[in-house]
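> Sharing a sequence plus its predicted fold:
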Amino acid sequence: MMDALSVVSQLRDLASEPQNREAIVRDQGCLPGLVLFLDHKDPQVVFTTLQTMRYLAESSQNINTMKNELGMMVTLEALMENSGLSGDITDLAIEVHGVLSAPETYRTPEQPRSRNKPQFFINSSNKKAKSVTLHIQGLDGTDQRGVCEEALLKVKGVISFTFQMALKRCTVRVRADLPTESLASAIAATKVLSAQQVVKNESGEEVLIPFSTMGIKVEENSHLPEYLPEDESPEKETDRAVSRTTAKQDSSGSWLNTAASFLTKTFYW
């Protein structure tokens, strides 16, 4: 059964991929629902919603729509001024507000919109694996690498990982249904390391997206990491290491429609 956190987490994962961002904002149910999620009583839902909005704001074509969405800027300002929230939430609210408020001359020039209905959304349950690139603070040597390896091997759903020690990065292949926060939570549990996700914006520039590990429960392997069979492994990608969705025909029962329906029923009945 869907709940607020699972819905916004799935939207966040979709929004992390540039080709999905405009369609999410154009959907009549998703953006209004995200604004209302900013007032949710669960801090984790609020933080994940802000992460989603930060991804969506990477697309210059989304800026005006997001900024003019009813309640968007007012709610962000309320979060910025709320001293009772965690620093992670306040900082991210400030960042999102700043991106939406930036003068247009500082934004990436907009590209012509396609008039065709986007066809790249797929049911998330059809994806067997995804890749996530993490920037790991504290990854300074072989000892810390060993600590990180041990932490990741405990997470059920991790398929494989590789390190770029000079960049303090780790690219992790995981099952599609594994929340990315689980990786950050497992790494933070080491007490000596912390992680942020590395993604690319519209300009091809890499940006770091913080995680919140509040209330995240990590399901651990009892013995060895859960590897996918060879025929289920995702294709290798050389141009980027973050997760990608495959362009496919979408049906009326797509996950995006399901999420939009959930948002509509939740807030507008």
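The structure has been received and is ready for your questions.

> Do me a favour and average the pLDDT over the longest strand along the chain.
Longest strand of the chain, by residue count under DSSP state E: strand 129-137. Averaged over strand 129-137, pLDDT sits at 89.

> what's the following helix or strand past that strand packed up against?
Note on strand 129-137: by DSSP states H and E, the next helix or strand toward the C-terminus is helix 142-153. Here helix 142-153 touches strand 158-164, strand 169-175, helix 180-188, going by 3 or more C-beta pairs under 8 Å, 6 or more residues apart in numbering; DSSP states H and E. To be clear about C-beta, it is placed using only N, CA and C from the backbone, and glycine gets the same treatment.

> Sheet partners, orientation included, of the second one?
When you say that, I think you mean strand 169-175. strand 129-137 (antiparallel), strand 158-164 (antiparallel) (DSSP bridges).

> So for L76, which of those sits nearest?
L76 sits nearest to strand 129-137 of all the strands paired with strand 169-175, at 25.4 Å, using C-beta to C-beta.

> Buried residues of that closest one, list them for me.
Buried residues in strand 129-137, counted by 16 or more other C-beta atoms under 10 Å: A129, K130, S131, V132, T133, L134, H135, I136.

> that older thread, could you export the strands paired with strand 169-175 as JSON lines, including distance to L92?
Compiled in JSON lines, the strands paired with strand 169-175 are given as follows (distance: least, C-beta to C-beta, whole Å):
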{"stretch": "strand 129-137", "distance to L92": "16"}
{"stretch": "strand 158-164", "distance to L92": "26"}
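
> what's the closest of these to A184?
Of the strands paired with strand 169-175, nearest to A184 by C-beta to C-beta is strand 129-137, at 7.5 Å.

> Okay, now the unreliable bits of the stretch 101-250 of the chain?
Along the stretch 101-250 of the chain, segments meeting pLDDT under 70 span 104-128, 213-250.

> Tell me the spacing between T48 and K67.
21 Å (C-beta to C-beta, to the nearest Å).

> can you tell which of the strands paired with strand 169-175 is closest to V207?
That would be strand 129-137 among these, by C-beta to C-beta, at 10.3 Å.

> follow-up on the earlier one: how about the strands paired with strand 169-175, which one is nearest I63?
Of all the strands paired with strand 169-175, strand 129-137 sits nearest to I63, with 25.2 Å by C-beta to C-beta.

> partners of the closest residue to S160 other than its chain neighbours in the sheet?
Once flanking residues are discounted, S160 sits nearest to R173: 4.8 Å by C-beta to C-beta, 6 or more residues apart in numbering. Taking DSSP bridges as the rule, R173 bridges to S131, S160.

> Tell me how many other residues surround R173.
R173 is flanked by 21 other residues according to other C-beta atoms under 10 Å.

> Does it touch V155 like I think?
No - taking contacts as C-beta atoms under 8 Å, R173 lies outside contact range of V155: 11.8 Å.

> Give me the buried stretch members for stretch 185-203, please.
185-188, 193-200, 202.

> and which of the residues you listed is nearest T90?
Of all the buried residues of stretch 185-203, T90 sits closest to Q196, with 17.0 Å by C-beta to C-beta.

> Now do the helix or strand that contains the closest one against helix 142-153, angle only.
Following DSSP H and E, one finds Q196 within strand 194-200. Using axes from the mean of the first three to the mean of the last three C-alpha atoms, to 10 degrees, the direction of strand 194-200 lies 80 degrees away from that of helix 142-153.

> could you check the angle helix 180-188 makes with the helix or strand just after strand 194-200?
Note on strand 194-200: by DSSP H and E, the next helix or strand toward the C-terminus is strand 206-210. In terms of direction (the same axes, to 10 degrees), strand 206-210 departs from helix 180-188 by 80 degrees.

> List the buried residues in strand 206-210.
Buried, per 16+ other C-beta under 10 Å, within strand 206-210: I209, P210.

> That strand - contacts with which helices or strands?
By 3+ C-beta pairs under 8 Å, 6+ apart, strand 206-210 packs against helix 43-56, helix 87-101, strand 194-200.

> Identify the residues contacting the first one?
Right, the one you point to is helix 43-56. Helix 43-56 is contacted by residues 4-5, 8-9, 11-12, 15-16, 21, 24-25, 34, 37-40, 62, 66, 79, 85-86, 88-89, 92-93, 95-96, 99, 199, 209-210, 212, 214-216 when judged by C-beta atoms under 8 Å, 6 or more residues apart in numbering.
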